[in-house]
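I'd like to go over a predicted model; first the sequence, then the structure.
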Amino acid sequence: MADPNDRVSENVSGTYYVDSQCIDCDVCRDTAPDNFTRSDENGYSYVYKQPETDDERLLCEEALAACPVEAIGNDG
């Protein structure tokens, strides 16, 4: 389970976030590319845009469920 106190600093404010457990596997970026991107400098993903539509929210939830290290959280 993602730790809200361990969010990576690049996350934009909002319900979804990525914590430091991210292993840069690309699952979230493939699943919800409109919301997740990669920090090339640090080698992990983060939320660069919070979901604005139901479709985006569903894809973020799919990414959360598929994350192999449970590094994606949802405070909503």
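In hand now; what should we look at? Numbering: from 1, shown residues only.

The longest helix seen in the chain: how far from the chain's middle?
Determined from DSSP state H, the single longest helix within the chain is helix 54-66. The chain centre lies 10 Å from the centre of helix 54-66; the measure is C-alpha atoms, centre = their mean, to the nearest Å.

any weak-confidence spans in this structure?
For the chain, no stretch has pLDDT under 70.

what ranges do the helices span in it?
So, for the chain - with DSSP H - the helices run 27-31, 54-66.

how about the longest one: buried residues?
Of the residues in helix 54-66, those scored as buried under the neighbour-count criterion (16 or more other C-beta atoms under 10 Å) are 56, 57, 59, 60, 61, 63, 64. Yep, even glycine has a C-beta here, placed from its N, CA and C like the rest.

Tell me the spacing between the first one and residue 47.
Translated: residue 56. 11 Å (C-beta to C-beta, to the nearest Å).

Repeat that for residue 26.
Taken as C-beta to C-beta, the span from residue 26 to residue 47 is 15 Å.

neighbour-wise, which of these two wins?
Taking neighbours as other C-beta atoms under 10 Å, residue 26 and residue 47 compare with residue 47 leading, 26 against 11.

Might one say that that one is in contact with residue 16?
Yes - look at residue 47 against residue 16 with C-beta atoms under 8 Å: they come within range, at 4.9 Å.
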